[in-house]
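Trainee: build me a model from this:
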Amino acid sequence: MPAAAWMTIAVAGLIIVVTAVGLIRIVFHLRAVRTALAAVAGGVQVVDQLTATVPARLTRGGYEVGWNNELSAGDKSFIRRMYPDERSAQATAPYSGVT
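Mentor: Below you'll find the predicted structure:
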């Protein structure tokens, strides 16, 4: 067999090995993604269960959990801290030198 044929076989073998390694890495990555998505889906299910309404017909004594349509004082305080209005933000912002 000529040297060119051996070189072609060696290069083809190298390409096959590199491709196999790449595919193995993809398989491991997809397994990790599947695990992460399962964790996220579990978290979503927990949030769904904790925020779901419970109609009175499913409880004893007519107790029900309805939709929470009103913000508590704690909710409003948290929102004010996270999103201050422009006037208070401008009053407390350090001087930037730009007018």
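Trainee: so what's the residue nearest the centre of the chain up against?
Mentor: Centroid-nearest residue in the chain, with Cα atoms, centre = their mean: residue 40, separated by 6.9 Å. Not one residue lies near residue 40 by Cβ atoms under 8 Å, 6 or more residues apart in numbering. The way it works is simple: take the backbone N, C-alpha and C, and place the C-beta from them, glycine included.
Trainee: distance between the helix or strand containing it and the chain's centre?
Mentor: Per DSSP states H and E, residue 40 falls inside helix 3-51. How far helix 3-51 lies from its chain's middle: 20 Å, per Cα atoms, centre = their mean, to the nearest Å.
Trainee: stretch 42-57 too?
Mentor: With Cα atoms, centre = their mean, you get 20 Å for stretch 42-57.
Trainee: touching that stretch from outside, list them.
Mentor: 62, 63, 64, 65, 66, 67.
Trainee: quick check, nearest of these to residue 23?
Mentor: residue 67 (49.0 Å; Cβ to Cβ).
Trainee: how about the secondary structure of the closest one?
Mentor: Three-state assignment for residue 67 (DSSP: H, G, I helix; E, B strand; the rest coil): coil.
Trainee: got the confidence number for it?
Mentor: We have a pLDDT of 81 for residue 67.
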